[in-house]
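1. Got a predicted model here, sequence first, then my questions.
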There are 2 protein chains.
Amino acid sequence: MPTPRVPLNRSRVLADAVALADGEGADAVSMRRLADRLGVVPMALYKHVGGKDDLVDGMVDAVLGEVVAARPADGDWRAAVRATLLSARAAVQRHPWARRAIETRTVRTPAVLGHMEAVTRLLLDAGFTPDLAHHAMHALGNRIWGFSPELFDEDARGAPRARTTPQPNPADYPSIIAVSVEARRRRPDATGCDEDFEFTFALDLLLDALDRLRSDGWESPVSG
Amino acid sequence: MPTPRVPLNRSRVLADAVALADGEGADAVSMRRLADRLGVVPMALYKHVGGKDDLVDGMVDAVLGEVVAARPADGDWRAAVRATLLSARAAVQRHPWARRAIETRTVRTPAVLGHMEAVTRLLLDAGFTPDLAHHAMHALGNRIWGFSPELFDEDARGAPRARTTPQPNPADYPSIIAVSVEARRRRPDATGCDEDFEFTFALDLLLDALDRLRSDGWESPVSG
DNA sequence: CGATGGGGTGTACAGCGTATTCGCCGACGC
DNA sequence: GCGTCGGCGAATACGCTGTACACCCCATCG
């Protein structure tokens, strides 16, 4: 008697997809390769996920499911939001493909909504009006998901790309050069920006500014 | 004598690709369909662009090339930065596919660098240290490119998607509900968030906070 | 005149997501 | 015990993608 036929299920498919992406990158996650990994024919996956998009939705859901929402202590809402977003950041950093995957998603799955709910709740409990809480969520932007956009490509990662675009001439960008010279002076050994610092820098800047609005009783201008 | 053979060139290819994306969406831009549009065989394009990635790089470059950088007036750096980023926003809004395209790019082409240079320059000229200017660029995040992430999908646009993910239960998200109820009360006719308002709200929040750091002579903590 | 080389052509390949059809097999009712 | 039903996996096939490779035409130039 060979293997006694353990049937597939949605969570095994998702777990393997996450493992595959973790190990070989997002591009490696194709229905065919994932099916191979599971010892199954590609079409079998469609009994458990709705399709490629639904699969990626599920993968993102799994990653965001790792986030632990902090509970506010001592009424310090900033610390709680900060800890929650840093937890999201940690989750996304454990799965490097997740950043790009999150950006491409349009539907909101339970874990994603759960995370947004947790952050919103912290704001409301801290005395934010629903109005200000709403704008605060938007202002935090991608930091809600634990990352900020890559402004300068750390090092041209990935295969070198054929280019016909004219190569930029550094002399045309004196201000960028000035900034990067200073950055290198401060961190001579670094290969790129200090993403952790940039993340918390912008986060704290926003949290402070939002706290000021909150305590001032800010509200939206009435339109029209 | 039929058409006297006007040869293709890179800018014609890029212009047609942009027009195709504008008219039929990013998914319509395939090498084959673009070649059809140009009355040419697919492989002919490879004499003018390095490949699909290089093509999209060029398309993004074209969009960001539409941005006009403001010159500071009356020493009001905030107004200048604001106007420049709103110009980027206008360009991206003219080409709805550009938002997603920008997020996927990893290389920095001349127009992209030119835009970053312009913003950086405004900061340096306003008295930002290179250090603070650097962090400011990161803090502004995607707003540099004229957009902020879509937090709530306005309306499930696009074809309905097969889903196996369990449907979320609204009762599990009371804080999100509270926020959206208030948002609807304020703008009863709206179908989604007021992205323009959210953009400028976060932008002004950041510009104000950054100005405070600037005039306080802020600098990075020394690490280690 | 012949050589050169850039630009367009034709063919081909490997990979993708997925619609459709079929067959196995275990569970259940009679 | 036996028929049937339903869920899960297997096979096959379609249309699409990006692009490597070889070829050929034709304008240009020495």
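-> It's in.
2. only C-alpha atoms for contact and neighbour calcs from this point on.
-> OK.
3. What residues sit buried inside whatever helix or strand A:Phe197 lives in?
-> Under DSSP states H and E, the secondary-structure element containing A:Phe197 is helix A:195-215. The neighbour-count criterion (16 or more other Cα atoms under 10 Å in any protein chain shown) identifies A:198-203, A:205-207, A:209-211, A:213-214 as the buried residues of helix A:195-215.
4. now swap in stretch A:52-59 and tell me
-> Buried residues in stretch A:52-59, defined by neighbour count with 16+ other Cα under 10 Å: A:Asp53, A:Asp54, A:Leu55, A:Val56, A:Asp57, A:Gly58, A:Met59.
5. Just list the residues touching the nearest residue to the first one once chain neighbours are set aside, thanks.
-> Translated: A:Asp53. Among residues not flanking A:Asp53 along the chain, B:Arg161 sits closest, at 7.8 Å (Cα to Cα, 6 or more residues apart in numbering or on different chains). Listed by Cα atoms under 8 Å, 6 or more residues apart in numbering or on different chains, the contact partners of B:Arg161 are A:Gly50, A:Asp53, A:Asp54.
6. now the first one: how far from A:Ala28?
-> The one in question is A:Gly50. A:Gly50 is 19 Å from A:Ala28, where distance means Cα to Cα, to the nearest Å.
7. Likewise for the second one?
-> Using Cα to Cα, one gets 15 Å for the distance from A:Asp53 to A:Ala28.
8. List the contacts of the residue lying closest to A:Arg82 once chain neighbours are set aside.
-> Distances taken as Cα to Cα, 6+ apart put A:Leu203 closest to A:Arg82, at 7.5 Å, once the chain neighbours are dropped. Remark: with contacts taken as Cα under 8 Å, 6+ apart, A:Leu203 is in contact with A:Arg82, A:Leu140, A:Arg143, B:Ala139.
9. So which of these sit within helices?
-> With helices taken from DSSP state H, the overlap with these comprises A:Arg82, A:Leu140, B:Ala139.
10. Would you map out the domains in chain A?
-> A:10-50, A:68-151+A:191-215 (automatic domain parsing).
11. Could you single out the most deeply buried of those domains?
-> Using mean count of other Cα atoms under 10 Å in any protein chain shown, the stretch among these with the greatest mean number of neighbours is domain A:68-151+A:191-215 (a mean of 19).
12. Surely A:Asp61 touches A:Val107?
-> No. Under the criterion of Cα atoms under 8 Å, A:Asp61 lies out of contact with A:Val107, with a separation of 10.5 Å.
13. still on that earlier bit, and the ones in helices among the contacts of A:Leu203, which is closest to B:Arg185?
-> Among these, A:Leu140 lies closest to B:Arg185 (Cα to Cα), at 22.9 Å.
14. Tell me how far stretch A:172-188 lies from the chain's centre.
-> Relative to the centre of its chain, stretch A:172-188 is centred 27 Å away, using Cα atoms, centre = their mean, to the nearest Å.
15. same deal with stretch A:16-28?
-> Worked out by Cα atoms, centre = their mean, stretch A:16-28 lies 16 Å from the chain centre.
16. coming back round to it: can you classify the residue nearest to A:Asp53 as helix, strand or coil?
-> In the three-state summary, B:Arg161 is assigned as coil, counting by DSSP: H, G, I helix; E, B strand; the rest coil.
17. Quick one: name the residues of chain A near DNA strand C.
-> A:Ala28, A:Val29, A:Ser30, A:Met31, A:Arg32, A:Arg33, A:Pro42, A:Met43, A:Gly51, A:Lys52, A:Asp53 (Cα under 7 Å from any atom of the strand).
18. a markdown table for those residues, including secondary structure and pLDDT?
-> Shown next, in a markdown table, are the residues of chain A next to DNA strand C (DSSP: H, G, I helix; E, B strand; the rest coil; pLDDT from 0 to 100):
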| residue | secondary structure | pLDDT |
| --- | --- | --- |
| A:Ala28 | helix | 97 |
| A:Val29 | coil | 98 |
| A:Ser30 | coil | 98 |
| A:Met31 | helix | 98 |
| A:Arg32 | helix | 97 |
| A:Arg33 | helix | 98 |
| A:Pro42 | helix | 97 |
| A:Met43 | helix | 97 |
| A:Gly51 | coil | 96 |
| A:Lys52 | helix | 97 |
| A:Asp53 | helix | 96 |
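19. and the residues you listed as JSON lines, adding distance to B:Val68?
-> Putting these into JSON lines (distance: Cα to Cα, whole Å) gives the following:
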{"residue": "A:Ala28", "distance to B:Val68": "40"}
{"residue": "A:Val29", "distance to B:Val68": "40"}
{"residue": "A:Ser30", "distance to B:Val68": "41"}
{"residue": "A:Met31", "distance to B:Val68": "44"}
{"residue": "A:Arg32", "distance to B:Val68": "46"}
{"residue": "A:Arg33", "distance to B:Val68": "46"}
{"residue": "A:Pro42", "distance to B:Val68": "49"}
{"residue": "A:Met43", "distance to B:Val68": "50"}
{"residue": "A:Gly51", "distance to B:Val68": "42"}
{"residue": "A:Lys52", "distance to B:Val68": "40"}
{"residue": "A:Asp53", "distance to B:Val68": "37"}
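20. Can you say which two of those are spatially most distant?
-> Largest separation among those by Cα to Cα: A:Ala28 and A:Met43, giving 17.3 Å.
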